[in-house]
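Undergrad: Only the shape, not the letters, is given here:
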């Protein structure tokens, strides 16, 4: 039964809104973001009329809209939804702790995607504080926050801080009863990154690839998670010097991300940047520049003048200088410097 038929048969009542809400979740899970958003607009309209703008069901609908918009790379609209949902939820903070924690976690995910690691970390920490009050210290919902915090420190190459967070995520995941296939894949992937941190790269890769096999064969609709794991495995093969295998995995990740989220998503830009590094290692500088320029176009579109854009410009400048394209290098450096002055002022160390 379509959402239009439901509205026609039953009218604009909460029962219909609840069905629409669950239908929107299904479309979101299979990455049909535009369809999900359209259904949520009907759901929100009904709930505003039947429950009022300060109701929890309205807040949850707006929160889900934020997740959908984030998946579509509409980050400004997504953050507006999250803030609006939080404002409603926080009218009864003790009653809505779990929902507040979930919303903060989604805001953390958004900041992480945009490369705003400190803001992301604060959101995950606050989300954990909310959820621990209700769930204790050994609940499945906490594992994702510990893992994401671990990835923040891992990205910053602070492995001493990241390892205990992955260990805690793993501890929580192993306590879950009736584990799903996705849980089993998450356990293997977490064990994999822990082995890599400990210097056991080959063992880590085996665990990663076992996790990937479970995701592909049993949880195939989790395309974003599959693409992220493909990207992570490829990065490890780059460090091993197995460039052909790395390139194949990057291409598979890139294809999956473009198919799932579109050609101008920040995750696409991240994979392009990793591919550029691979091309640079192989001294294929023209290909590296093409990847970086596409990544730059996406990042400018989605982020404007930002630290990530400045860093991408600097990398383009470095490679252009390396191959003697000095005018291109000069333009890239100047634009990078302009952005950093705008963000940090003239006295910051990144401007010196």
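TA: Nice, thanks for sending it over. Everything numeric here is computed off the predicted structure, so don't read it as measured data.

Undergrad: Setting aside sequence neighbours, what's the nearest residue to the residue positioned nearest the centre of the chain?
TA: By CA atoms, centre = their mean, the mean C-alpha position of the chain lies nearest to residue 113, the distance being 4.6 Å. Nearest non-adjacent residue to residue 113, counting by CB to CB, 6 or more residues apart in numbering: residue 266, 5.2 Å away. Backbone N, C-alpha and C define where each C-beta goes, glycine included.

Undergrad: how much space is there between the one you found and residue 88?
TA: For residue 266, the distance to residue 88 equals 28 Å [CB to CB, to the nearest Å].

Undergrad: And for residue 282?
TA: To residue 88, residue 282 is 52 Å away according to CB to CB.

Undergrad: Of those two, give the one with the bigger neighbour count.
TA: residue 88 (20 against 13; other CB atoms under 10 Å).

Undergrad: Surely the more buried one is in contact with residue 62?
TA: Yes. With contact defined as CB atoms under 8 Å, residue 88 reaches residue 62; the gap is 7.5 Å.

Undergrad: Identify the contacts common to these two.
TA: Common neighbours of residue 88 and residue 62, using CB atoms under 8 Å, 6 or more residues apart in numbering, do not exist here.

Undergrad: and the gap between residue 229 and residue 189?
TA: Following CB to CB, the distance that separates residue 229 from residue 189 is 6 Å.

Undergrad: Give me the more crowded residue out of the two.
TA: Taking other CB under 10 Å, residue 229 and residue 189 do not tie; residue 189 has more neighbours (27 against 23).

Undergrad: What about the residue lying closest to residue 133 once chain neighbours are set aside, how many residues nearby?
TA: Distance criterion CB to CB, 6+ apart; nearest residue to residue 133, sequence neighbours excluded, is residue 97 at 5.7 Å. Residue 97 has 18 neighbouring residues, counting by other CB under 10 Å.

Undergrad: Kindly report the same for the one 10 residues further on.
TA: A count of nearby residues for residue 107, using other CB under 10 Å, gives 25.

Undergrad: coming back round to it: what residues do residue 229 and residue 189 have in common as contacts?
TA: With CB under 8 Å, 6+ apart as the test, residue 229 and residue 189 both reach 208, 211.

Undergrad: Show me the strands in the protein, by range?
TA: Using DSSP state E, no strands are found in the chain.

Undergrad: pLDDT weak spots in it?
TA: Applying pLDDT under 70 to the chain flags residues 1-11, 347-352.

Undergrad: what's the distance between the residue nearest to residue 113 and residue 221?
TA: Distance, residue 266 to residue 221, by CB to CB: 21 Å.

Undergrad: Can you tell me the closest non-neighbouring residue to residue 52?
TA: Nearest non-adjacent residue to residue 52 (CB to CB, 6+ apart): residue 58, at 7.2 Å.

Undergrad: And for residue 96, the neighbour number?
TA: If you count neighbours by other CB under 10 Å, residue 96 ends up with 22.

Undergrad: what residues are up against it?
TA: Taking CB under 8 Å, 6+ apart, we find residue 96 in contact with 56, 59, 89, 90.

Undergrad: Got phi/psi on the last one?
TA: So the one you mean is residue 90. Phi and psi for residue 90, reported as degrees, to the nearest 10, are phi -80, psi 0.

Undergrad: got a list of what the nearest residue to residue 251 once chain neighbours are set aside touches?
TA: Of all residues not flanking residue 251 in the chain, residue 275 sits nearest, at 7.9 Å (CB to CB, 6+ apart). Counting by CB under 8 Å, 6+ apart, residue 275 touches 247, 250, 251, 254, 291.
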